[in-house]
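[1] Can you look at this prediction? I've put the sequence above it.
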Amino acid sequence: NDVVGTTTRTPAFACRALSSRDGGPGVDYLCVHVHVSVKPGTENDFLSASLANARASSSEPGVARFDVVQEEDDPTRFVLVEVYKDGGAPAAHKGTNHYLAWRKAVEHMMAEPRRAIKYRNVYPATAGGWDYGDGVGLE
């Protein structure tokens, strides 16, 4: 694994959302927040590479969401919010050509090693609250 400092924060009550308010099936998604700090002056290149990766990642069958957010007060800091539908999806994602291209493109931009924190979803409790769905415009 090439991400440093991976931890899991799973409160006992949040391990599994069993059902939704409307009676639909609950989901047990893995939500990974990857904290990234890039060298000053590389923000635009990092963002360009990360958006290309996010666009492709959003189409992976095991990915419910793949968001890229940039800190307002420090534009060299980003969080990649990766929501996976099952435990095998992160490994499948890391084997894709778009992820490998992203990793190579951004490795020299890192001000420090990336840090990932893993969470389990609590709310929304259904897939419909997380998945982009077919035909949803993301840009």
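    Done, it's in. Quantities reported herein were computed from a predicted structural model and do not represent experimental measurements.

[2] got a list of contacts for the longest helix seen in the chain?
    What stands out as the longest helix in the chain, according to DSSP state H, is helix 43-57. Contact with helix 43-57 is made by 36, 38, 63, 66-68, 70, 75-76, 78, 80, 82, 93, 96, 98-99, 101-102, 105-106, 109, 138, as judged by Cβ atoms under 8 Å, 6 or more residues apart in numbering. Where you see a C-beta, it was placed from the backbone N, CA and C, and this is true even at glycine.

[3] mind listing which of the residues you listed are in helices?
    93, 98-99, 101-102, 105-106.

[4] and stretch 42-55, how far out from the chain's middle?
    Relative to the centre of its chain, stretch 42-55 is centred 14 Å away, using Cα atoms, centre = their mean, to the nearest Å.

[5] what ranges of the chain fall below the confidence cut-off?
    Where the chain drops to pLDDT under 70, the residues are 1-25, 132-139.

[6] Just the strands from it, written as ranges.
    4-9, 30-37, 63-70, 77-84, 115-120 (DSSP state E).

[7] and those strands as a markdown table, adding distance to Ala54?
    Compiled in a markdown table, the strands of the chain are given as follows (distance: least, Cβ to Cβ, whole Å):
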| stretch | distance to Ala54 |
| --- | --- |
| strand 4-9 | 20 |
| strand 30-37 | 11 |
| strand 63-70 | 5 |
| strand 77-84 | 8 |
| strand 115-120 | 16 |
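
[8] For my notes, please list those strands in JSON lines and give mean neighbour count for each entry.
    Below are the strands of the chain laid out as JSON lines (neighbours: other Cβ atoms under 10 Å):
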{"stretch": "strand 4-9", "mean neighbour count": "11"}
{"stretch": "strand 30-37", "mean neighbour count": "19"}
{"stretch": "strand 63-70", "mean neighbour count": "18"}
{"stretch": "strand 77-84", "mean neighbour count": "19"}
{"stretch": "strand 115-120", "mean neighbour count": "17"}
